[in-house]
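S.K.: just a sequence and a predicted model for now, questions to come.
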Amino acid sequence: MAAVQATDIVKQFEGVAAVNGISLAIPDGEFMVLLGPSGCGKTTFLRIICGLEKQTGGDIVIGGNVVNELPPRARGVAMMFQSYGLYPHYTVRKNIGFPLRTQRVASAEIKKKVGWAAELLGITHLLDRRPRQLSGGERQRVALARALVREPTVLLLDEPLSNLDAKLRASARNEIKAFQQRVGTTTIYVTHDQVEAMGMGDRIAVIDHGQIRQVGTPTAIYDDPADRFVATFVGTPPMNLVNWNGGHLGFRPENFLPKEMVESGDVTDFSFRVDRSEYLGSERIVYGTLEGLESATEITAKLPPAHVAFENIRPGEYHPYAVRNATLCYFDKDGKRANRH
Amino acid sequence: MVAIAEKFVRPRSRFGSILDRPKILGPLFVSPAILYVLALVGAPFCLALYYSVSAYTIYSQSYKFVGLANFVQIFGSDIFRTTLVNTFIFTFGSQILGLVLGKFGALLLLKPFPGRKIVRALIVLPWAVPVALATVAWEWMFDSLYSVINWTFIALGVIDRSDAPNWLGNPHLAMLCVMVVNAWRFFPFAIVIFLAGITAVPQDVIDAATVDGAGFWRRNYQIIVPIIAPIVVVGLIFGTVFTFTDLSIVYLLTNGGPVNATSVLGFEGFQVGIVSGDVAHGAAISLVMLPVLFVLVVVMLRFIRRREI
């Protein structure tokens, strides 16, 4: 197990910077999630850590050693790929044993380790099958077993759940998280799915256009976004932004409530014109506009359905709504977080 | 009462209605191809079957049935047995050589370098050049006096002028020469097959092997080659069938010599049946190829089915 340190990593592809100066320190045993939209450079960054891509500039330090010039196999990392990259012509047993065979581990030892990894992931009964005879979830476990069998210092996961259906994804998420806590391997997990990021990460690094926008715990990312990008990328529906003194004022839809539901005290009042609402069972999303204020997008409110009186969401009318000031975020004209003004 | 819809009336054309039936139109479209195969492959094949059990020569055109006498006679002949062995050596030697060249050619052509597109286009030349032209060029390169290969080796000081090899005069070297020329003709095809196969291997699988610690050789021979094996074997089936039945290179380069050292079944069948006019024995020699190829192809197809992933 080891800490990972990246300093000023730059990667140019024919003049285009896919990664544009990322610095990130990941302590030993942490579950770090790299979150960002497609094409933001997060996978390229992961491939640089692993050694599949060579950075144009910057240093990667794993466990105290600069590994810039080392090939992937010498870095002691393991990676799990989006489509798993299982070897189709090998059985599960040989797939899991492959990383050990390349290290010339004795066959008795390989047998023991493969058994251990299969046991750990509950796939002992699949050992003699071939990848094509497995379901998506089973393939994912085989890929994870193959990544773990040589006890890597760092585990790299590149969107490992994107090929699973929604239901399986939720359970696989818990499994991977619980598993990581058990083995304690430093893990870097790439995803574009904020639910995965929020649910699994000890910390999240939000990446956009090859740069880190914010690094922090899920709570910090959600409640205290560093800039407008993070504020609108994380959260469904995203944070409401209204034009305010040349910058933007932001508030989360779940903090935007009918006035009577907000505790009196330090609040900001709005007059909310409701256009329509969606009932989603556990919540009701109300769409509309604010009187006298311009916003880039539709304003949304996320309300607990059981406690909302119909008078407060009747379409076509203005209703008094309010936000507690403690939950307001201000962004300056460059989109950076600012103090209230 | 108002008629809502009029009954559909089919236009009355007898010719049109016949062509409208898929059961007639389909076979009609396929029939030229079937006729072509029947006339140019089926009929000569049946004729060969019949000749091989007759006593037919161009001098005595007797259709007398002699049973398997022709086959017994050719299998009793030393020349035929040499020819049979030569055919196997020629076929497998040139296929293996062609596959090795194809594999390395494909690996080289996968790497981006300036002018790759031009090289990729030029590489198919050996395949595209008429066999007669190419073989004559090779004949000069292997010539006992003017061999450019020997000239190069002598100039480099690798061999002495006095013991320069007589490429087409030495039985073993002559066999090597026909194999080299055949492999040279086959390897562009092998490159295309390998390129198609290798580019179809998912990048994730290759990356996974790299991260799992596989170096260049292990990645190639434990991951890529086994995955593309079914595709390569399909190419090998084509190569084997064409090479096993080929006579052009042997005919043009060595004429079966020296002393039948490079004689192959196709060449021998042509010599006996056409040149010498002993059609019955020529047909029998050629027909020996049929069961051999049948077994080879079945074995290879079974391999493909077993390896399907």
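M.R.: Right, received. Where do you want to start?
S.K.: mind listing residues that contact the helix or strand hosting A:Ala197?
M.R.: In this structure, A:Ala197 sits in helix A:194-200 according to DSSP states H and E. With contact meaning CB atoms under 8 Å, 6 or more residues apart in numbering or on different chains, helix A:194-200 is reached by A:31, A:33, A:35, A:161, A:169, A:173, A:176-177, A:189, A:191, A:204, A:218, A:221-222, A:233-236. The C-beta positions use only the backbone N, C-alpha and C, and glycine is treated the same way.
S.K.: out of these, which are buried?
M.R.: A:31, A:33, A:35, A:161, A:169, A:173, A:176-177, A:189, A:191, A:204, A:218, A:221-222, A:233-235 (16 or more other CB atoms under 10 Å in any protein chain shown).
S.K.: now intersect the contacts of helix A:194-200 with the strands, please.
M.R.: Among the contacts of helix A:194-200, DSSP state E puts A:Phe31, A:Val33, A:Leu35, A:Tyr189, A:Thr191, A:Ile204 in strands.
S.K.: and the first one, how close does it get to A:Ala197?
M.R.: I take that to be A:Phe31. Distance from A:Phe31 to A:Ala197, counting by CB to CB, to the nearest Å: 10 Å.
S.K.: and chain A, which residues reach chain B?
M.R.: Proximity of chain A to chain B, by CB under 8 Å from any CB of the partner chain, involves residues A:47, A:50-52, A:71-73, A:77-79, A:81-89, A:98-99, A:102-103, A:130, A:132, A:146.
S.K.: redo that, cut-off 7 Å
M.R.: A:50, A:52, A:72-73, A:78-79, A:81-85, A:87-89, A:98-99, A:102-103, A:130, A:132 (CB under 7 Å from any CB of the partner chain).
S.K.: sitting in helices, which of those residues do you find?
M.R.: Counting by DSSP state H, the members of the residues of chain A next to chain B that fall within helices are A:Cys50, A:Phe98, A:Pro99, A:Thr102.
S.K.: measure the closest residue to A:Glu151 other than its chain neighbours to A:Ala2 for me?
M.R.: Using CB to CB, 6 or more residues apart in numbering or on different chains and skipping residues adjacent in sequence, the residue nearest A:Glu151 is A:Thr185, 7.9 Å away. Going from A:Thr185 to A:Ala2 by CB to CB gives 9 Å.
S.K.: could you do A:Ser171 as well?
M.R.: A:Ser171 is 29 Å from A:Ala2, by CB to CB.
S.K.: more neighbours: which of these two?
M.R.: Shown here are A:Ser171 and A:Ala2; by other CB atoms under 10 Å in any protein chain shown, A:Ala2 has more neighbours (21 against 11).
S.K.: list the contacts of the more buried one.
M.R.: Applying CB atoms under 7 Å, 6 or more residues apart in numbering or on different chains, we find A:Ala2 in contact with A:Asp28, A:Ile62, A:Gly63, A:Thr153, A:Val154, A:Thr186.
S.K.: okay, and which of those residues map to strands?
M.R.: Counting by DSSP E, the part of these found in strands is A:Ile62, A:Val154, A:Thr186.
S.K.: closest one of those residues to B:Thr152?
M.R.: Checking the ones in strands among the contacts of A:Ala2 against B:Thr152 by CB to CB gives A:Ile62 as the nearest, at 51.6 Å.
S.K.: wait, isn't that closest one in contact with A:Arg75?
M.R.: Yes: between A:Ile62 and A:Arg75 there is a contact at 5.9 Å, judged by CB atoms under 7 Å.
S.K.: relative to its centre, which residue of chain A is most distant?
M.R.: The outermost residue of chain A relative to its centre, with distances by CA atoms, centre = their mean, is A:Ala108 at 39.0 Å.
S.K.: mind listing what's buried in the strand or helix carrying it?
M.R.: Element membership of A:Ala108 [criterion: DSSP H and E] is helix A:107-121. Buried residues in helix A:107-121, defined by neighbour count with 16+ other CB under 10 Å: A:Ile110, A:Lys113, A:Val114, A:Ala117, A:Ala118, A:Leu120, A:Leu121.
S.K.: what does the stretch 151-300 of chain B have sitting close to chain A?
M.R.: B:202, B:204-205, B:207-208, B:210-214, B:218, B:223, B:226-227.
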